[in-house]
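**Student:** how does the following fold in three dimensions:
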Amino acid sequence: MSDDADLIAWSLSEVAERHGDPTKAVYDRLFAQSPEMTELFVNDKTGAARGEMLSVVFETLLDFAGSVSYGANMIRAEIVNHENLGVPPAVFATFFGTVMETVRDLLGEAWTLQVETAWDRMLTNLNELIVREPAV
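**Tutor:** Below is the predicted model:
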């Protein structure tokens, strides 16, 4: 695992240890920033789909920041899947940024420059992938 992946994994683990499941915080932020996204989750009455989606996002982000054994392909596939639901590819960049912002806020003073740099580097690479790989 790369240093970036280690730092990102640490930040996610630390959030879980300090605050438990961050799903509600992530989606509260997403819906506040992008209210139009709320309608995509109208049938997720219990939040189970949001929790499952965030879990997959965490696994994918960790892979993408580290070994990149499947993360890039997973993102490409999900861009296509979500486009069929009317979700444009740019929303992925928004969502990944929302995850980072939520983790940063939940960690507070424990969020360091090294952690910020790891997340920034990963988000930059993700954004390049999203722009480079238009959905087919």
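**Student:** ok, then the element right after the helix or strand harbouring residue 28?
**Tutor:** Residue 28 belongs to helix 23-33 when assigned by DSSP states H and E. Going down the chain from helix 23-33, the next helix or strand is helix 48-65, by DSSP H and E.
**Student:** right, and the helix or strand after that next one?
**Tutor:** Immediately after helix 48-65, counting by DSSP H and E, sits helix 71-83.
**Student:** what's the helix or strand just after that next one packed up against?
**Tutor:** Following helix 71-83 in sequence order, the next helix or strand is helix 90-107 (DSSP H and E). When contacts are defined as 3 or more CB pairs under 8 Å, 6 or more residues apart in numbering; DSSP states H and E, helix 90-107 packs onto helix 3-19, helix 23-33, helix 48-65, helix 71-83, helix 113-132. In short, each C-beta sits where N, CA and C put it, glycine included.
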